[in-house]
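> Would you be able to build a 3D model of this:
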Amino acid sequence: MLVKTYGSAVYGVNALTITIEVNISAGTKYYMVGLPDNAVKESLQRVASAINVSGFRMPKQKIVVNLAPADMKKEGSSYDLPIAIGILAASGQIPADELEDYFIMGELSLDGSIQPIKGALPIAIQAQQDGFKGFILPKQNVREAAIVNDLVAYGVENLAQVVAFFNKSEALEQVKVNTKEEFLKNINNYEHDFADVKGQENIKRALEIAAAGGHNVILIGPPGAGKTMLAKRLPTILPPLNLNEALETTKIHSVAGKLAASDALMTSRPYRSPHHTISDVALVGGGMNPQPGEISLAHNGVLFLDELPEFKRTVLEVMRQPLEDRKVAISRARFSVEYPASFMLVASMNPCPCGFYNHPEKDCVCAPGVVQKYLSKISGPLLDRIDLHVEVTPVDFTELASTTETERSNHIRDRVIKAREIQDLRFADREDLHCNAQMSPKMVRKVCQISEAGTHLLKTAMERLGLSARAYDRILKVARTIADLSSSENIELEHLAESINYRSLDRDGWAG
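Coordinates of the predicted model:
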């Protein structure tokens, strides 16, 4: 008897419907076809044990399982459950008349219990698009799938529950998630707050500008100056995710298997902080079965690279294209996948190996030329993609011990949101532009026009400070963001002057 069940394979952040065809006939062997990987081929032992332990009969006949389309590689253990249900239906132990209405996915343990899968959200979206009535999946993943409208999501714990459902001897409880309520519930729920930071008002101002314009930023300062503490609080002043951004971000984390069972939707901007020993594949994504890397997991959020010069140069260089394109394409011989990677890069570094170059109190003990050699670990093209260079100095004891309450993140965020609203109107006719940092050189000339006095100030600054040509566009972009924060239609002299101060690493002789 031939029976069909339905599941899905995830490629990138999208899913493809897979038909699991099971045919039982006279014979004794078990065949798995349709380009399965080893995890899929090994399903026979898991499926047979789960069926027997759950009190059902594993047929002692010829069983052929085909995963269609047969020319696409099937990977992972999530096909166990649809294969088991197909075998039980093909052997007449459950009716097959309703199988065509449901997507079924899940990994089986030997005792029949069902383990979680990856990519539940994109699979649920595909099921809804293909007109399926419902989705039966592990209980741990059901909240992800339940946020998809017009799709009934059933969370199950073991094989016996699924069999009882199709035999109509036991009903499954539909899991419902109010997407809007879930989205609004934790939208402002952050563990950190800028009110925790004593002093460093100039650094807070720089991060406010970075958040308002979507600019990449590098913090340069000695150990213990507060670079990491400040970076951790940057997501708290970014505008809240909108629903589309939340869904897109959740899909990536669902594919990577990073969502907790209690999470249905990611409502706060991600913050990723990989260690400097990370490989280039782990950063941008890849592997035999391409998975999203840290830059994609930071999509719509912040990627923080602490101790930037300690990262391998090859790791840093692979970020150059994603920083420009806001996506990363991973190609293999038979297919390619594309992951979104629109993130804010925040990097921190010591000014020299000993950490005390330009320190107001401690002397640098590095040999001549060592500081320049240390900074040269960061390539010019990568530095070219960082708009703000911010020098962080240590906080003195008076500020540290002060009991005066400092400005909270939500107040700073209000100003950032107003600045972003101005940019939304400015780029309303451009779907590829969302903030000032994403402007092309042509767009900069159009949007960032300055007065004759401003041109003279910028010319003087570039000549006296020895700023490189690459600093020109960056200064104008940042000045435009500062003007937006001030609700100013034009870029004034004070906006330009402040912007010029954020190009420390472009100055001739900065590193001695």
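
> Name the nearest residue to Ala256, ignoring sequence neighbours.
Excluding the flanking residues, the one nearest Ala256 by CB to CB, 6 or more residues apart in numbering is Pro292, at 5.1 Å. All C-beta spots, glycine's among them, are computed from the backbone N, C-alpha and C.

> ok, so what distance separates the one you found from Gly119?
Pro292 sits 11 Å away from Gly119, going by CB to CB, to the nearest Å.

> can you map out the strands along the stretch 101-250 of the chain?
With strands called from DSSP state E, counting those that start in this stretch, the stretch 101-250 of the chain shows them at 102-104, 107-108, 114-115, 134-138, 152-156, 217-220.

> and the second one, how far from the chain's centre?
For strand 107-108, the separation from the chain centroid amounts to 27 Å (computed by CA atoms, centre = their mean, to the nearest Å).

> Use 8 as the first number for this chain going forward.
OK, 8 is where the count begins now, so the last one is strand 114-115.

> Just checking: what are the partner strands of that strand?
strand 121-122 (antiparallel) (DSSP bridges).

> so how far is the partner strand from its chain's centroid?
26 Å.

> Residue ranges in the stretch 58-207 of the chain under the pLDDT threshold?
192-196 (pLDDT under 70).

> what kind of secondary structure is Val335 in?
Assigned state for Val335: strand (three-state reduction, DSSP: H, G, I helix; E, B strand; the rest coil).

> same check, this time on the one 10 residues further on
Assigned state for Glu345: strand (three-state reduction, three-state DSSP).

> which residues does it contact?
Glu345 is in contact with Gly19, Lys334, Val335, Ala336, Ile337, counting by CB atoms under 8 Å, 6 or more residues apart in numbering.

> cutoff 7 Å now
The contact partners of Glu345, by CB atoms under 7 Å, 6 or more residues apart in numbering, come to Gly19, Lys334, Ala336.

> Isn't the last one up against Ser343?
Just to be clear, that refers to Ala336. Yes: applying CB atoms under 7 Å as the test, Ala336 and Ser343 come out as touching, 5.9 Å apart.

> Longest helix in this protein, by number of residues?
Ordering each helix of the chain by length in residues (DSSP state H) puts helix 416-433 first.

> Apart from its chain neighbours, what residue comes closest to Gly206?
Glu406 is the one closest to Gly206 (CB to CB, 6+ apart), at 3.6 Å.

> where's the one you found, which helix or strand?
helix 404-407 (DSSP states H and E).

> So for Glu496, what's the pLDDT?
You'll see Glu496 listed with a pLDDT of 90.

> How about it, nearest residue that isn't a chain neighbour?
Per CB to CB, 6+ apart, closest to Glu496 is Ala490, 7.7 Å.

> Correct me if wrong: the one you found contacts Leu500.
No: using CB under 7 Å, Ala490 is not in contact with Leu500; the gap is 11.0 Å.

> which of the two has more neighbours?
Ala490 (22 against 15; other CB atoms under 10 Å).

> Identify the residues contacting the more buried one.
By CB under 7 Å, 6+ apart, the contact set of Ala490 is Asn497, Ile498, Glu499, His502.

> and it, what helix or strand is that in?
helix 477-492.

> mind checking the SS state of His463?
Assigned with three-state DSSP, His463 falls in the helix class.

> Return the distance of it relative to Ala486.
14 Å.

> Neighbour count: those two, which is higher?
Set His463 next to Ala486 and count neighbours by other CB under 10 Å: Ala486 wins out with 28 against 12.

> Please name the spatially closest residue to the more buried one (chain neighbours excluded).
Excluding its sequence neighbours, the residue lying closest to Ala486 (CB to CB, 6+ apart) is Ser506, at 4.0 Å.

> Send me the helix or strand where that neighbour lies as CSV with only the CA atoms.
Under the criterion of DSSP H and E, Ser506 resides in helix 500-507. Provided in CSV are the C-alpha atoms of helix 500-507 (Å, rounded to 0.1, in the frame of the first residue of the first chain):
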residue,chain,number,x,y,z
LEU,A,500,28.8,74.0,11.5
GLU,A,501,28.4,72.5,14.9
HIS,A,502,27.2,69.2,13.4
LEU,A,503,30.2,69.1,11.2
ALA,A,504,32.6,69.9,14.0
GLU,A,505,31.2,67.2,16.2
SER,A,506,31.4,64.7,13.3
ILE,A,507,35.1,65.5,12.6
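
> Pull the residues that contact that helix.
Here helix 500-507 makes contact (CB under 7 Å, 6+ apart) with Ile457, Ala460, Gly461, Leu464, Leu465, Ala468, Ile482, Val485, Ala486, Ile489, Ala490.

> Let's see if you can find the most crowded of those.
Within those, most neighbours by other CB under 10 Å means Val485, with 30 neighbours.

> Which residue, other than its chain neighbours, is closest to that residue?
With sequence-adjacent residues excluded and distances taken as CB to CB, 6+ apart, Val485 is closest to Ser506, at 4.2 Å.

> ok, now which ones touch the residue nearest to Asn73 when sequence neighbours are not counted?
With sequence-adjacent residues excluded and distances taken as CB to CB, 6+ apart, Asn73 is closest to Glu28, at 4.3 Å. With contact taken as CB under 7 Å, 6+ apart, Glu28 is in contact with Leu9, Lys11, Asn73, Ala75.

> any idea how far Met351 is from the first one?
Spelled out, that is Leu9. Applying CB to CB, the value for Leu9 to Met351 is 53 Å.

> Same check on the last one?
Remark: distance between Ala75 and Met351 (CB to CB) = 42 Å.

> More neighbours: which of these two?
When neighbours are counted by other CB under 10 Å, Ala75 and Met351 differ, and Met351 comes out ahead with 24 against 16.

> And the pLDDT at the residue lying closest to that one once chain neighbours are set aside?
What sits nearest to Met351 in space, not counting adjacent residues and going by CB to CB, 6+ apart, is Val309, at 5.1 Å. In this model, Val309 is scored at 95, pLDDT.

> the domain parsing of this protein - what is it?
Domain ranges of the chain: 9-184, 192-445, 446-519, per automatic domain parsing.

> Could you grab the helix/strand/coil label for Leu310?
strand.

> for it, which residues make a bridge with it?
With DSSP bridges as the rule, Leu310 is bridged to Arg279, Leu352.

> Quick check: His385 touching Pro316?
Quick fix: residue 385 reads Ile, not His. Yes: when contacts are counted by CB under 7 Å, Ile385 is listed as touching Pro316 (6.0 Å).

> From Leu158, how far off is Asp108?
Noted for Asp108: a distance of 11 Å to Leu158, by CB to CB.

> all strands for the stretch 258-407 of the chain, in order.
Counting by DSSP E, counting those that start in this stretch, the stretch 258-407 of the chain has strands at residues 278-279, 292-293, 298-299, 309-312, 334-338, 343-347, 351-356, 395-398.

> Need these in TSV (columns: distance to Ala55).
TSV is the format used below for those (distance: least, CB to CB, whole Å):
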stretch	distance to Ala55
strand 278-279	41
strand 292-293	34
strand 298-299	30
strand 309-312	45
strand 334-338	36
strand 343-347	33
strand 351-356	50
strand 395-398	60
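
> Compare the ones you listed and give me the one nearest Asp370.
strand 395-398 (17.5 Å; CB to CB).

> List the contacts of the closest one.
Contacts for strand 395-398 (CB under 7 Å, 6+ apart): 210, 213, 216-217, 222, 224-228, 485, 509-512.

> same deal with stretch 320-334?
Stretch 320-334 is contacted by residues 285-287, 290-291, 302, 335, 345-349, 352, 384, 386, 388-389, 392 when judged by CB under 7 Å, 6+ apart.

> Just the buried ones among these, please.
Asp287, Leu290, Val291, Ile302, Val335, Glu345, Tyr346, Pro347, Ala348, Ser349, Leu352, Leu389 (16 or more other CB atoms under 10 Å).

> list the contacts for the first one?
Think Asp287. Thr321, Val322, Val325.

> And the second one, how far from Leu390?
Noted for Val322: a distance of 15 Å to Leu390, by CB to CB.

> Good, we can wrap up now.
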